[in-house]
Structures are given as structure tokens and as C-alpha cells.
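Trainee: Here you go, sequence then predicted model.
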Amino acid sequence: MEIHIGERVAEVQLVEKEGNQVRIAVDGQMYDVDIVIADNGVCSVIFNGQSYNMEIVRSDNGKRYKVNRGFNSYDVGIVDAQEKYLRSRRKDDGRQDDTITAAMPGKIVKINVAAGDRVTDGDTLIVFEAMKMQSNLKVVGDCTVREVLVCEGDPVATGQPLIKLDILTNDQNNE
């Protein structure tokens, strides 16, 4: 996941966890830390023999945090796998691609369409699961499903094509 702290953006991955002992990779660099988070949002981190105490205030359904340490406050944003996927699907011009692809490794949970189906802006074509979270893969324009390339239960890789579409023009929409 991406962690945003002010202007700094870091790619953070949980590598291993056993009790309070955590191994994380930050931009590819490994760190072993001891972390304890109390129910009231107080957090204690021990790293390289140094203890750091802070208060963590959660907002935006766990996507944003205010971290207070001493007299300093930091706004922290988290971009998880689901948000990365949603960002990858957004287009500046709002046009639909002719192929729905997997933004990350995962599994096909449900397929809501078949070849020949006509779909409209906002329709969910596939329910996709990655990192124990489900996402609805939707179209952002009117289309006809040309081909479904996966089956329910299939594991998929990053960038793997899932569905081929025929994009409908405004003339075809009026027919």
C-alpha cells in the first residue's frame, strides 16, 4: 500500500507479523519494529532500541489519520489495493477501454455478464477479490460484452485481461 505523509509517498508492505513484532518493507528497505496500539489510539513503537509514543486519530473509514507525536502532528493517508485499483480505472477523459483487466493479483468471485450482453455506465461486470477485499469492476460507458475470458473462482495475475468489450458510439446507443 502507499502511505502519504505530507509530500512524502512511500510504498509499505507488511512482510511478517508475530505478536507485536512486525517486519515491514518501506520502499524496499526492511525494518523490524515492535508495535503496540491501545484501544484509545495510543501507539508505542520500538525501533533500534528507541521508543516512540504517539496518538493516532482515525478518519475517513481508515483511509486518513492524524498522527500526533510530542508537539508535532502529521496528516497520513493510506492508499490500499482497492483505492489503487479504483485510481487505475479512472480516466481523465472518462472513456471506457475495450478490455477490463486485473489491476493486481486476485481471484474472480462472481461474473455478472455473458458474451453479447449490453451494459451501461456503472454496471458491475465482475466481482474481484484481492488482499481479502472485494471490488466491483464496472464500466464507465455503454458497451456490449464481446468475450468473457475468465470463470468464477479463477486466480488472475496483474494486467490479465478479464473481459473484452465493444464500445458503443452515441449513434449505436440511440438504436
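Mentor: Yep, it's here. Numbering: from 1, shown residues only.

Trainee: List of residues touching stretch 152-170?
Mentor: Applying Cβ atoms under 8 Å, 6 or more residues apart in numbering, the external contacts of stretch 152-170 come out as 95-111, 113, 118-119, 125-126, 128, 137, 139, 141-150. Every residue, glycine included, has its C-beta placed from N, CA and C.

Trainee: hang on, isn't I37 packed against E55?
Mentor: No. Applying Cβ atoms under 8 Å as the test, I37 and E55 come out as separate, 10.5 Å apart.

Trainee: Show me whatever sits in contact with both of these two.
Mentor: Common contacts of I37 and E55, defined by Cβ under 8 Å, 6+ apart, comprise C43.

Trainee: Can you say which helix or strand has N136 in it?
Mentor: strand 133-138 (DSSP states H and E).

Trainee: chain center to that strand: distance?
Mentor: Between the centre of strand 133-138 and the centre of its chain there are 10 Å (Cα atoms, centre = their mean, to the nearest Å).

Trainee: and that strand, which strands flank it?
Mentor: strand 124-130 (antiparallel) (DSSP bridges).

Trainee: Off-centre distance for the strand it pairs with?
Mentor: The answer for strand 124-130 is 12 Å, by Cα atoms, centre = their mean.

Trainee: Noted, bye for now.
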